[in-house]
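Q: Show me the folded form of this:
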Amino acid sequence: MLVILETLPNLDKIVLKELAIRNVPVNVKYSDQTSLIIEVSEEYVKLLRKLQTVTRLERCITWIPYVNDIKEFRKVVRKTLREYSDYFEHGSIVNVVSRDVRDKILKILIREIERVFKCRLTRSRGDYEIYVRFFNRGFLICINIGSIQPLYRRWYTVYKSRASLNPILAATMSIIAGRYDVVLDPFAGSLTIPIEYVRFWKNTHVKCVDIEYEVLKKSILNLKVLDILDKVDILCGDYFKIRFRDIECIITDPPRGLRLRSSIELYLKFLQKASWEIVDYGCIVFITFSKIFKNIGRELQKLNLEVVDRVDTVQGGYKVSIVKLVRK
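A: Numbers count the residues shown, from 1 in each chain. Just a heads-up that it's a prediction; the model follows:
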């Protein structure tokens, strides 16, 4: 079956890495910065729903070729959809979402979907979600097979702070870092990175430090829901006043203020301390605004650190970079 995996900008290669790590055999039909069209066996659909770097899963029902003549196009749509007339229960409420589809054509597609499937369409959330996208000079008709709510909204989130990191980015950082028995998150905040790391790399342990007691106290509720309290050590304090030695991996989201100068100073202070704490074969993985990384990149040589991986994406409308550093 054909499945579309949606993710954040520039993370399509990360999704492929996760598929490989989870041993899901796929045949990639198409890939761009945010979408992957793959061919996969039905037995792996449950595994696809567990992917931590995906925002939405869609199963491709059919492909409809584009025809210039409107009457002829309507006939083609009707003939194609009739093969799938029993796909939904009659009278179902269906939400149609379009991507890169012109209004005139979309209206025809929607009318025929309503007529053939005998369903009622709504702009709000329905029993099913159908996605219509322009692809390969035709239209892909897909159905959401993941969850009605986006997959980045994690089911375990009892508490979420205003500064919480997108869990898809936390999962991406976990994949880029790789598996280590014990890792350190010196700016743990709402514990998104520790949770996603432990969920992805089983039987691992994360040490967490943060100065905000109330945030840590409330975020522990998420650990309890997942039953992973024994895999996360939490310390409330100032990371810059605590000594760590022989750390294999430091993975974190330092405070990303919009004031450039103060942010650069904080990142350099963090990297200087972190470079002293990691072992020779260890790594540092962190996320920052792309414009901040441009300014600290030239200072890495002085700290004897080298960039071995970097992924640029978007969070909250801002360009961010996930960077992996090792000692030279």
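
Q: and residue 62, what is it in contact with?
A: 80-81, 83-84, 140-141 (CB atoms under 8 Å, 6 or more residues apart in numbering). To be clear about C-beta, it is placed using only N, CA and C from the backbone, and glycine gets the same treatment.

Q: ok, 7 Å please
A: 80, 84, 141 (CB atoms under 7 Å, 6 or more residues apart in numbering).

Q: among these, who's most crowded?
A: Highest neighbour count within the contacts of residue 62: residue 141, with 23 neighbours (other CB atoms under 10 Å).

Q: from the contacts of residue 62, which ones fall inside helices?
A: Per DSSP state H, helices hold the following members of those: residue 80.

Q: which residues of the protein fall in helices?
A: 12-21, 45-48, 70-82, 103-117, 167-177, 192-200, 213-226, 260-277, 290-296.

Q: With distance to residue 328 added, can I get these in a markdown table?
A: What follows is those, written out as a markdown table (distance: least, CB to CB, whole Å):
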| stretch | distance to residue 328 |
| --- | --- |
| helix 12-21 | 25 |
| helix 45-48 | 38 |
| helix 70-82 | 58 |
| helix 103-117 | 54 |
| helix 167-177 | 18 |
| helix 192-200 | 25 |
| helix 213-226 | 35 |
| helix 260-277 | 10 |
| helix 290-296 | 16 |
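
Q: Dump these to CSV, plus distance to residue 91 and mean pLDDT.
A: Shown next, in CSV, are the helices of the chain (distance: least, CB to CB, whole Å; pLDDT from 0 to 100):
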stretch, distance to residue 91, mean pLDDT
helix 12-21, 36, 96
helix 45-48, 26, 90
helix 70-82, 17, 90
helix 103-117, 10, 84
helix 167-177, 35, 97
helix 192-200, 39, 96
helix 213-226, 36, 93
helix 260-277, 55, 88
helix 290-296, 49, 87
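
Q: Residue 324 is nearest to which of those helices?
A: Residue 324 sits nearest to helix 167-177 of all these, at 5.2 Å, using CB to CB.

Q: how far away is residue 20 from residue 4?
A: Distance check for residue 20 against residue 4: by CB to CB, to the nearest Å, it reads 18 Å.

Q: quick one, which of those two is more surrounded?
A: In terms of neighbours (other CB under 10 Å), residue 4 is the more surrounded of residue 20 and residue 4; the figures are 23 against 12.

Q: Name all residues that make contact with the more buried one.
A: So residue 4 contacts 35-37, 58, 60, 142 (CB under 7 Å, 6+ apart).

Q: Quick check: bridge partners of it?
A: residue 37, residue 58 (DSSP bridges).
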